[in-house]
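Asker: Let me see the structure of the following:
(2 chains)
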Amino acid sequence: MGKMVEIRWHGRGGQGAKTASLLLAEAAFDTGKFIQGFPEYGPERMGAPITAYNRISDEKITIHSNIYEPDYVVVVDETLITSVDVLAGLKEGGAVVINSPKDPEELRPLLKGYEGKIYTVDARTISVEELGRYFPNVPMLGAIVKVTNLMDEDIFVDAMEKSFHHKFATKPQVIEGNMRALKRAMQEVKGL
Amino acid sequence: MAIKDKLSGNEAVAIAMRQIDPDVVAAFPITPSTEVPQYFSQFVANGQVHTEFVAVESEHSAMSACIGAEAAGARTMTATSSQGLALMWEMLYIAASLHLPIVMSVINRALSGPINIHNDHSDSMGARDSGWIQLYCEDNQEAYDNLIQAVRIAEHKDVQLPVMVCFDGFITSHAVENIELIEDEKVKAFVGEYKPGYHLLNKDNPIALGPLDMPAFYFEHKRAQAECMQNAKKVIMEVAQEFEKLTGRKYGFFEEYRMDDAEVAVVVLNSTAGTAKTVVNELRDQGIKAGLIKPRVFRPFPFEEIGKALSGLKAVAVMDKAESFSTAGGPLFAEIRSAMFDYAKDTKAINYIYGLGGRDVRADEIKLVYQDLIDIARTGQVKSTFNYLGIRE
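Answerer: Predicted coordinates for the structure are as follows:
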């Protein structure tokens, strides 16, 4: 069995965590990987905590449960770290990537006893400055790819541009801003 | 060359429907199958298919419209889930008894109540005696492949029965995974042009469909229907062989995974079979002779084949994602154990009901089932025949 990377996304309904997990799966597919991208569907309310998942592997993936021992956790909404056990099952040697303007070490006291790696990226500022609105998912996607080093960055950026052209076919004016947000997050992620 | 892509199960079956290009699709949206008619109606709107899309006001009407269309001689498809399938109930029996080869994706979801949108197999298991052929699918690839094969099976002159292609709601329908698609022209050539035997619009050979059938003949007609189901076994295998030549992907009545020298095995449908395969691999690495059987064809039931496949094993656990309230195990268990009575009498069999209403099925829980089997194999003692997995008691 080749090495499989498992990622769990925590966000709030409306922030695009599900879309981010699907975009990550698509980009990893473009680099020749076997992929899974799936959300955990609950009562779909704006603002309610939601979870989404990715598996990325060099071999066919047959497991179809949720992910209980992720290699990486992405927290799309900083307020979740005190209300949801976002680090549950996180593997030793894994890492958490949090949407926050703070430095990683400032958040450590909130992650009771956690000794692993923490990365932060200010997805709110990036999103508001580049898109004019708060959509944290694309910056978080850039950050997790940077942190995991899952794929060649150029291939990833190209794949995302292709996805955006497809996804935003009816509103092409948002493509450029999303691309800027993606690249900026890859530059600005803290903790590397 | 196969086309490598990444698609959800719903996208995959919608694409298969585009490639099949049926004459009529009549459907009503219901979670988690909604995306199938949604994507397909876009293909209709874009002129990518020649299909007449009938947006009906309920699933009862959807199946009624499918029956009308298929009776008129049109190749007809639809999709549904859960309550939608339940609302079709009386029409399912009509479709089968009129020998109308309708093909339907059933995106498995729990039946109410309590109301629940998530996956189990209570919907299609409830329809198991309706006279429809039932194919079950582990992932998006199998959903796509089975839907294409279903058209050929249903329309075969010796079968002429409707087919349900069942796959897991959300787990398969909404997860994006790798898939290999077949080129459009190859799918079209594989399914061929539909040439209905008897149909209402054939003025040269007028027929009646659905008249009152009194005791003088009803029984013979039911017997004839059962004969078609019997014929389906041969046709399912022939179509699978032809499909393998086209794609290299092998299908049968069931998949045997690492069964060659297995001593214990789990029998389980759909996506959970994929999770169980990872457990089998782990146990095999520890030297434990574990295997897995994943039924693909539940109607007709491969009684002799599956019975023989389980002979020689020490212990078998049949897993049901549906509660039949018989107090004697789930529907899959009842039939498999019946087959084992003839062909695998010395193999101990236990039942686990699992995953109802979308309760996630974890690999470590399936490990507990294998542990149970290992204990039975060692001691020869079954402590409990009817069990529940992953539940708070």
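
Asker: ok, now how distant is residue B:360 from chain A?
Answerer: The gap separating residue B:360 from chain A is 5 Å, by Cβ to the nearest Cβ, to the nearest Å. To be clear about C-beta, it is placed using only N, CA and C from the backbone, and glycine gets the same treatment.

Asker: same question, residue B:2
Answerer: Between residue B:2 and chain A the distance, using Cβ to the nearest Cβ, works out to 14 Å.

Asker: Excluding covalently adjacent residues, which one is nearest to that residue?
Answerer: residue B:180 (4.0 Å; Cβ to Cβ, 6 or more residues apart in numbering or on different chains).

Asker: what about that neighbour, helix or strand, and which?
Answerer: With secondary structure defined by DSSP states H and E, residue B:180 is part of strand B:176-181.

Asker: In this structure residue A:9 contacts residue A:15, no?
Answerer: No - look at residue A:9 against residue A:15 with Cβ atoms under 8 Å: they stay out of range, at 9.6 Å.

Asker: how about the residues of chain A near chain B?
Answerer: By Cβ under 8 Å from any Cβ of the partner chain, the residues of chain A that approach chain B are A:1, A:22, A:25-26, A:29, A:34-39, A:41, A:60-66, A:68.

Asker: Select from these every entry located in strands.
Answerer: Of the residues of chain A next to chain B, the ones assigned to strands by DSSP state E are A:34, A:35, A:36, A:37, A:38, A:39.

Asker: Just say helix, strand or coil for the closest residue to the third one other than its chain neighbours.
Answerer: Translated: residue A:36. The shortest distance from residue A:36 to any non-neighbouring residue, by Cβ to Cβ, 6+ apart, is to residue A:55 (4.2 Å). Assigned with DSSP: H, G, I helix; E, B strand; the rest coil, residue A:55 falls in the strand class.

Asker: so how many other residues sit close to residue A:55?
Answerer: 24 (other Cβ atoms under 10 Å in any protein chain shown).

Asker: Next: residue B:111.
Answerer: Using other Cβ under 10 Å, residue B:111 has 19 neighbouring residues.

Asker: and it, what is it in contact with?
Answerer: In this structure, residue B:111 makes contact with B:82, B:83, B:86, B:122, B:123, B:126, judged by Cβ atoms under 8 Å, 6 or more residues apart in numbering or on different chains.

Asker: next one: phi and psi at the fourth one?
Answerer: Okay, so that is residue B:122. Phi and psi for residue B:122, reported as degrees, to the nearest 10, are phi -70, psi -30.

Asker: distance of it from residue B:386?
Answerer: From residue B:122 across to residue B:386, the span is 17 Å (Cβ to Cβ, to the nearest Å).

Asker: Looking at those two, which is more packed in?
Answerer: More neighbours sit around residue B:122 than around the other of residue B:122 and residue B:386, counting by other Cβ under 10 Å; the figures are 26 against 14.

Asker: where does residue 90 land on pLDDT?
Answerer: Let's take chain A. Per-residue confidence for residue A:90 comes out at a pLDDT of 97.

Asker: was after chain B, sorry
Answerer: As summarised for this prediction, residue B:90 has a pLDDT of 97.

Asker: before we move on, which element is it in?
Answerer: Element membership of residue B:90 [criterion: DSSP H and E] is helix B:89-97.

Asker: Packing partners of that helix?
Answerer: Contact here means 3 or more Cβ pairs under 8 Å, 6 or more residues apart in numbering or on different chains; DSSP states H and E; on that basis helix B:89-97 packs against helix B:59-71, helix B:218-247.

Asker: okay, these in CSV with mean neighbour count, distance to residue A:91 and mean pLDDT next?
Answerer: Rendered in CSV, the data for the helices and strands packed on helix B:89-97 read as follows (neighbours: other Cβ atoms under 10 Å in any protein chain shown; distance: least, Cβ to Cβ, whole Å; pLDDT from 0 to 100):
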stretch, mean neighbour count, distance to residue A:91, mean pLDDT
helix B:59-71, 23, 45, 98
helix B:218-247, 15, 37, 98
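
Asker: a markdown table for the ones you listed, including distance to chain A?
Answerer: As requested, the helices and strands packed on helix B:89-97 are exported to a markdown table (distance: least, Cβ to the nearest Cβ, whole Å):
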| stretch | distance to chain A |
| --- | --- |
| helix B:59-71 | 21 |
| helix B:218-247 | 15 |
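
Asker: Output the ones you listed in CSV, with distance to residue B:306 appended to each entry.
Answerer: Below are those laid out as CSV (distance: least, Cβ to Cβ, whole Å):
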stretch, distance to residue B:306
helix B:59-71, 30
helix B:218-247, 12
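
Asker: Which one, of those, ends up nearest to residue B:359?
Answerer: Between residue B:359 and the helices and strands packed on helix B:89-97, the tightest spacing by Cβ to Cβ is seen for helix B:59-71, at 25.6 Å.

Asker: and the angle for that closest one with helix B:89-97?
Answerer: If you take axes from the mean of the first three to the mean of the last three Cα atoms, to 10 degrees, helix B:59-71 sits at 20 degrees to helix B:89-97.

Asker: low pLDDT regions in chain A?
Answerer: Residue ranges of chain A with pLDDT under 70: A:1-2, A:44.

Asker: can you pull the contacts of the residue nearest the centre of it?
Answerer: Residue closest to the average C-alpha location in chain A (Cα atoms, centre = their mean): residue A:141, at 4.2 Å. Contacts here follow Cβ under 8 Å, 6+ apart; on that basis residue A:141 touches A:20, A:23, A:24, A:160, A:182, A:185.

Asker: Which residue is the nearest non-sequential neighbour of it?
Answerer: If the residues on either side of it in the chain are set aside, residue A:141 comes closest to residue A:20, at 4.7 Å by Cβ to Cβ, 6+ apart.

Asker: ok, residue A:148 - contacts?
Answerer: With contact set as Cβ under 8 Å, 6+ apart, residue A:148 has these partners: A:5, A:7, A:71, A:72.

Asker: does residue B:22 really touch residue B:75, like I thought?
Answerer: Yes - the criterion here is Cβ under 8 Å, and residue B:22 meets it with residue B:75 at 4.5 Å.

Asker: Span of stretch B:275-293 from start to end?
Answerer: Distance across stretch B:275-293, first residue to last, is 13 Å (Cα to Cα, to the nearest Å).

Asker: Ok, stretch A:82-96 next?
Answerer: Here the two ends of stretch A:82-96 are set 14 Å apart, with distance taken as Cα to Cα.

Asker: Next: stretch B:129-137.
Answerer: Termini of stretch B:129-137 sit 19 Å apart (Cα to Cα).

Asker: Out of the contacts of residue B:111, who's the most crowded?
Answerer: Within these, neighbour counts (other Cβ under 10 Å) peak at residue B:82, which reaches 29 neighbours.

Asker: related to what we said a few turns ago, shared neighbours, residue A:9 and residue A:15?
Answerer: Between them, residue A:9 and residue A:15 share the neighbouring residues residue A:76, with contact defined by Cβ under 8 Å, 6+ apart.

Asker: who's more crowded, the two?
Answerer: Neighbour count, other Cβ under 10 Å: between residue A:9 and residue A:15, residue A:9 has more, with 32 against 23.

Asker: secondary structure element for that one?
Answerer: Using DSSP H and E, residue A:9 falls within strand A:4-12.

Asker: again with residue B:255
Answerer: Taking DSSP H and E as the criterion, residue B:255 maps to strand B:254-257.

Asker: Report the mean confidence score over the next helix or strand after that strand.
Answerer: Scanning forward in sequence from strand B:254-257, with DSSP H and E defining helices and strands, the next element found is strand B:264-267. The average of the pLDDT scores along strand B:264-267 is 98.

Asker: Now do the buried residues in strand B:264-267.
Answerer: Under the neighbour-count criterion of 16 or more other Cβ atoms under 10 Å in any protein chain shown, strand B:264-267 has B:264, B:265, B:266, B:267 buried.

Asker: Can you give me the first-to-last residue distance of stretch B:346-358?
Answerer: Its first and final residues considered, stretch B:346-358 spans 34 Å by Cα to Cα.

Asker: how distant is that stretch from the center of its chain?
Answerer: Between the centre of stretch B:346-358 and the centre of its chain there are 18 Å (Cα atoms, centre = their mean, to the nearest Å).

Asker: Cheers, nothing more for now.
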